[in-house]
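**Q** My questions concern the predicted model and sequence given below.
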Amino acid sequence: MAMLIELEDLRPTVNQIRIFSCIALAINLMVLLLIVFGTPKAMIQYGRLLLLYQIVSTLVDWGFGSVLFPIFCFPVVGGVPFGWLANFDVPTDLMVIIGCTMVFALAGANGALFFQRQQAILPESHLLKMTKHAPMYIFLYTTGLQGFTFSATILHFNDSEAIRYAKLQDYPELLLFFQHPKYYGFQVEAGIYIISMCAVYVAIMIFYTIETTVPTYYYMNKVTHLLSSSTQKMQRQLLTCLCIQSGFSMGFIISPVLIAVICVLGNLRGFESYNLILPCLITLHGVSSSLCIPILYLPYRRFLFQKLNLILPAKLSIESAKVATPLASLQISSGIISSTNRMGIVYQA
């Protein structure tokens with residue numbers, strides 16, 4: 001018989017992740033303020049969507065790392081919330097809806113950023129040109145309709161009471177999970193269906209990113225005669241930064257889904273190895289995304305250094321902070337005029 005997993009043994013790991021979640025919250029909020037006060041006028045439309053993404057990303061990190069904190073028990077599709085809401089009389093159904101809505105809001109905000117990059121370089125006469133509010137419509141559609149559909153599917157297939165006993169013979173080590181009053185689980189067929197839906201949504205998100213990015217790069221090369229060299233440079237660099245930022249951050253969302261799919265379909269039993277790492281990966285999402293903003297986007301890095309130089313005795317130099325990559329020396333110069341002052345940067349539309 002497999003060794004019984006004691007819930008109390010998970011407390012140290014849970015507490016460590018909660019502490020890290022609080023640190024991540026502070027970093028995310030700092031970068032959120034950086035976007036609010038450091039976005040130049042030339043990036044104002046893009047900055048608004050970046051701010052929306054940062055807000056949703058902060059909520060996802062804090063929600064999964066502290067407020068909800070689901071501990072899954074794959075290969076059984078189910079889990080128990082260990083977050084703050086679990087200490088109150090909050091129905092698990094409601095926590096599931098909150099978690100699903102936050103994840104789809106994150107996907108919607110990310111999709112809106114990529115769509116805005118595409119719309120920014122399309123001329124008014126182009127067939128795919130839409131209104132300036134189209135990226136926000138994508139965000140609302142993904143968050144509302146798709147988030148509601150997925151949440152309704154989970155609520156429909158929930159069968160926690162039946163699975164408590166049906167799975168006990170096959171997974172005796174999860175006895176204390178099955179007996180937990182807030183356990184939320186599904187039968188085998190329903191669980192596989194839900195995990196498959198998650199995999200399909202991930203595939204759609206990856207396809208949408210490629211379908212939006214590749215034509216945008218192609219079109220920028222095609223209409224070089226219609227855009228000034230500075231505008232081409234700005235648009236190309238913004239899109240490249242977004243791809244790198246999303247690659248780092250969304251990797252911490254996609255990888256838990258892939259781990260879950262492998263665990264369920266392969267019936268892998270290593271609870272500590274697979275399940276405890278999932279909330280860690282999700283919490284790392286926001287930190288990676290937040291750190292990418294001042295590293296990749298030169299205007300935000302300049303603004304940050306400008307403020308730090310006001311309080312630090314030793315002056316910081318942007319040149320010394322450049323990382324060993326061409327993207328670190330981005331010069332967003334579409335209609336942007338830099339003053340001769342080393343840190344007194346002024347942007348003009």
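**A** Right, received. Where do you want to start?
**Q** For the rest of this, base every contact and every neighbour count on C-alpha atoms.
**A** OK.
**Q** Residue 237 - how many residues pack around it?
**A** The criterion is other C-alpha atoms under 10 Å. On that basis, residue 237 has 18 neighbouring residues.
**Q** Distance from the host helix or strand of it to the middle of the chain?
**A** Of the helices and strands defined by DSSP states H and E, residue 237 is found in helix 229-266. The chain centre lies 9 Å from the centre of helix 229-266; the measure is C-alpha atoms, centre = their mean, to the nearest Å.
**Q** What ranges does this protein have for its strands?
**A** Along the chain, the stretches classed as strands by DSSP state E are 70-72, 78-81, 184-185.
**Q** So which residues of this structure form helices?
**A** When secondary structure is read from DSSP state H, the chain shows helices at 11-38, 44-62, 92-121, 134-141, 147-157, 160-166, 175-179, 188-222, 229-266, 271-274, 277-296, 298-311, 318-321.
**Q** Of the strands of the chain, which is nearest residue 209?
**A** strand 70-72 (27.9 Å; C-alpha to C-alpha).
**Q** CSV for the helices of the chain, including distance to residue 84?
**A** Conversion of the helices of the chain to CSV gives the following (distance: least, C-alpha to C-alpha, whole Å):
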stretch, distance to residue 84
helix 11-38, 10
helix 44-62, 11
helix 92-121, 11
helix 134-141, 28
helix 147-157, 21
helix 160-166, 21
helix 175-179, 18
helix 188-222, 26
helix 229-266, 22
helix 271-274, 22
helix 277-296, 15
helix 298-311, 33
helix 318-321, 39
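**Q** weakest of those in terms of mean pLDDT?
**A** Lowest mean pLDDT of the helices of the chain: helix 318-321, a mean of 49.
**Q** Out of the helices of the chain, which gets nearest to residue 83?
**A** helix 11-38 (8.8 Å).
**Q** what helices or strands is the closest one leaning on?
**A** The criterion is 3 or more C-alpha pairs under 8 Å, 6 or more residues apart in numbering; DSSP states H and E, and the helices and strands that helix 11-38 contacts are helix 44-62, helix 277-296, helix 298-311.
**Q** how many degrees apart are that helix and helix 277-296 in direction?
**A** Inter-element angle recorded for helix 11-38 and helix 277-296: 20 degrees (by axes from the mean of the first three to the mean of the last three C-alpha atoms, to 10 degrees).
**Q** What residues sit buried inside helix 11-38?
**A** Neighbour counts using 16 or more other C-alpha atoms under 10 Å place 14, 17-18, 20-21, 24-25, 27-28, 31-32, 34-35, 38 of helix 11-38 among the buried residues.
**Q** what's the closest of those residues to residue 47?
**A** residue 35 (6.8 Å).
**Q** neighbours around the spatially closest residue to the closest one that is not a sequence neighbour, how many?
**A** Take residue 35 and drop its neighbours on the chain: the residue closest to it by C-alpha to C-alpha, 6 or more residues apart in numbering is residue 51, 6.2 Å away. Number of residues near residue 51 (other C-alpha under 10 Å) recorded here: 19.
**Q** one step back: ranking the strands of the chain by burial, who's on top?
**A** Among the strands of the chain, the stretch with the highest mean neighbour count (mean count of other C-alpha atoms under 10 Å) is strand 184-185, at a mean of 26.
**Q** What lies in contact with stretch 134-147?
**A** Outside stretch 134-147, the residues that touch it by C-alpha atoms under 8 Å, 6 or more residues apart in numbering are 100-102, 104-109, 111-113, 115-116.
**Q** Surely residue 177 touches residue 78?
**A** No: using C-alpha atoms under 8 Å, residue 177 makes no contact with residue 78, being 9.1 Å away.
**Q** Between those two, which contacts overlap?
**A** Joint contacts of residue 177 and residue 78 (C-alpha under 8 Å, 6+ apart) are residue 183.
**Q** just to revisit the earlier point, if I pick the residue nearest to residue 35, what's in contact with it?
**A** For residue 51, the contacting residues are 32, 35, 36, by C-alpha under 8 Å, 6+ apart.
**Q** of the residues you listed, closest to residue 73?
**A** Checking the contacts of residue 51 against residue 73 by C-alpha to C-alpha gives residue 32 as the nearest, at 33.7 Å.
**Q** The closest one and residue 261: what is the separation?
**A** Here the criterion is C-alpha to C-alpha, to the nearest Å. By it, residue 32 lies 33 Å from residue 261.
**Q** How about residue 67?
**A** Taking C-alpha to C-alpha, one finds residue 67 at 25 Å from residue 261.
**Q** Residue 143 too?
**A** As for residue 143, its distance to residue 261 is 23 Å (criterion: C-alpha to C-alpha).
**Q** Dump the strands of the chain into JSON lines; add mean pLDDT as well.
**A** Output for these, formatted as JSON lines (pLDDT from 0 to 100):
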{"stretch": "strand 70-72", "mean pLDDT": "87"}
{"stretch": "strand 78-81", "mean pLDDT": "88"}
{"stretch": "strand 184-185", "mean pLDDT": "86"}
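**Q** Dump those strands to TSV, plus distance to residue 284.
**A** Compiled in TSV, those are given as follows (distance: least, C-alpha to C-alpha, whole Å):
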stretch	distance to residue 284
strand 70-72	15
strand 78-81	19
strand 184-185	25
